[in-house]
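Asker: starting from these lines, generate the structure:
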Amino acid sequence: MRYLLSCIALSLLVWCSCSSMKKQSQSGAKNSDPLAGTSWTLSAISGFEAEKTPKPVTISFQDSLRFSGNGGCNGYGGAYTLEGSSLKLGRVLSTKMACMPGMKTENKLFELYTQVDHYRVSGDKLSLMQGEKVLAEFGRSKKDQK
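Answerer: Next up is the predicted model:
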């Protein structure tokens, strides 16, 4: 009986994984994701003077529609949706270390992520935008430059 339950559980796990991979590959075929696999370093937050942070402020986009980075102090991540140039960054989950200076910049960054509705890439510059307003600009990380 125990063996049968284990086989059923394993079968369900494999089925769910394959189903999820199929959905991702089908959505990837319909919409190629130009952000996937890119990494960026913060260069400016509009209307805000960024503090010197212990670590560079970064954002990276993975193939699995996940984003992650470092807010200057804490590592963070979340999910994103992309349709054309429309970009929505989901709720940010982060570690909770306190850094001084750096927390004001990190908090501002996480706040503006909730306002992003689209993006623009021009050369080695990523602009996160809300309407016509540029919220933040990032430069392509050195490891991504070709």
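Asker: how is this structure partitioned into domains?
Answerer: 1-30, 32-144 (automatic domain parsing).
Asker: so where's the chain shaky on pLDDT?
Answerer: 1-31, 143-146 (pLDDT under 70).
Asker: now with 50, please.
Answerer: Residue ranges of the chain with pLDDT under 50: 2-7, 9-31, 146.
Asker: in the protein, which spans are helices?
Answerer: Secondary structure of the chain (DSSP state H): helices located at 2-30, 103-113.
Asker: before we move on, the earlier item: among the domains of the chain, which is the most enclosed?
Answerer: Ranked by mean neighbour count, those are led by domain 32-144 with a mean of 16 (mean count of other Cβ atoms under 10 Å). C-beta coordinates here come from the backbone N, C-alpha and C atoms, glycine included.
Asker: looking at it, residue 104 is touching residue 53, isn't it?
Answerer: No. Between residue 104 and residue 53 there is no contact under Cβ atoms under 8 Å: 9.8 Å.
Asker: now the strands for the chain?
Answerer: Counting by DSSP state E, the chain has these strands, from start to end: 38-45, 57-61, 66-71, 75-83, 86-89, 93-94, 118-122, 125-130, 133-140.
Asker: other residues contacting the second one?
Answerer: Among residues not part of strand 57-61, those counted as contacts by Cβ atoms under 8 Å, 6 or more residues apart in numbering are 33, 35-42, 50, 67-72, 80, 105-106, 109, 126, 138, 141.
Asker: okay, now the sheet partners of that strand, with direction.
Answerer: strand 38-45 (antiparallel), strand 66-71 (antiparallel) (DSSP bridges).
Asker: chain center to stretch 100-113: distance?
Answerer: Centroid separation between stretch 100-113 and its chain, computed with Cα atoms, centre = their mean, to the nearest Å, is 15 Å.
Asker: nothing else from me, thank you.
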